[in-house]
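Enquirer: Turn this into a structure:
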Amino acid sequence: MTNFEEEETVMLQIQDTLVSLDLAERYFCCDLDACLGECCIQGDAGAPITKSEYLTLKEKLPIVWDELLPAAQREIEANGVGYIDEEGDLVTSIIDGRNCVFTCYAPGGKCLCTFDRAYREGRCDFRKPMSCYLYPLRLTEYPTFTAVNYHRWSICRSAEANGKRLGIRLYQFMRDPLIARFGQEWYDELCEACEAYLEEYPQ
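Expert: Numbers count the residues shown, from 1 in each chain. Presented below is the predicted three-dimensional model:
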C-alpha cells in the first residue's frame, strides 16, 4: 500500500511499516575506497544488537578472535561483547571510544567487520548484527508500526555520489538486508511503491 499525496508526501506505507521517501529519492552505493568504512568507527556507542544477537556474538566469537585488534580482545575479556549504553540500549562493545570491537583493518586503512568477512569467506553462518546489515537505514519500533529512515551523514556523501553515477537508488542498494529483515513480499511491495512514486514525481 502506498501513501503519498502531492505536496504532502512524507512516507510510503508498506504493510505495517512507514518508509522514508529517501529510499526512493536518494541514490546510494557504498564506496569503501572513498569512505574506508568510517561508519564502523565513528560514534560514541556500539552498534545496537538484540539479546539473541548478543548470545550469537558470544557463541561465534572464537571464529574471529585471532583477527580482532589486541585492544578489542582485552575489552571483550574484561567486559564482554556488548554493554548497555546511556540510553538503555544493548550495543556492541567499543574501544578507544570509537571502534566496534569486531572491526579490523585491511591494507589502505579500510575498516572491515570481522564477522562479515568470515561470512563472505564461508567461515561463519552469522553475517553481522541486523542494525549493521541495514545501515545506513535505521529502524524505530512503535507499538503499531516500524519506521524505516535513512541516516543522513556526511561520511556517506561518497556513497550517494557513487549511487548517482551508477544509477542505483537507496532501496535498490539495500535489497538484500531489507529482504533479510522484512521478507521478499514486503520488498516487492516497496519496489512497486518506489517505482510508482518516481513515475509520478520524477527526481
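
Enquirer: List the residue ranges of this protein that fall below the pLDDT cut-off.
Expert: Residues of the chain meeting the criterion pLDDT under 70: 1-9, 43-44.

Enquirer: try 90
Expert: Residues of the chain meeting the criterion pLDDT under 90: 1-10, 32-46, 86-87, 96-99, 106-111, 152-155, 202-203.

Enquirer: Identify the residue nearest the residue positioned nearest the centre of the chain in space, chain neighbours excluded?
Expert: Nearest to the mean C-alpha position of the chain, counting by Cα atoms, centre = their mean, stands Y135 at 1.8 Å. Take Y135 and drop its neighbours on the chain: the residue closest to it by Cβ to Cβ, 6 or more residues apart in numbering is C39, 6.0 Å away. Quick note: C-beta positions are derived from backbone N, CA and C, even for glycine.

Enquirer: R123 versus the one you found, what's the distance?
Expert: 23 Å (Cβ to Cβ, to the nearest Å).

Enquirer: Next: M174.
Expert: For M174, the distance to R123 (Cβ to Cβ) stands at 25 Å.

Enquirer: Neighbour count: these two, which is higher?
Expert: Per other Cβ atoms under 10 Å, whichever of M174 and R123 has more neighbours is M174, with 23 against 12.

Enquirer: so what's the more buried one up against?
Expert: Under the criterion of Cβ atoms under 8 Å, 6 or more residues apart in numbering, the neighbours of M174 are L23, F28, L134, L137.

Enquirer: how far away is it from L12?
Expert: 14 Å.

Enquirer: what sits in contact with each of the two?
Expert: Residues within reach of M174 and of L12 at once, by Cβ under 8 Å, 6+ apart, are L23.

Enquirer: The residue nearest to Y135: neighbour count?
Expert: Neighbour tally, C39, other Cβ under 10 Å: 20.

Enquirer: Report the contact partners of it.
Expert: Counting by Cβ under 8 Å, 6+ apart, C39 has contacts Y135, P136, W153, I155, C156.

Enquirer: if you set the cut-off to 10 Å instead, what comes out?
Expert: Shown in contact with C39 (Cβ atoms under 10 Å, 6 or more residues apart in numbering): C30, A47, C100, C111, C132, Y135, P136, H151, W153, I155, C156, A159.
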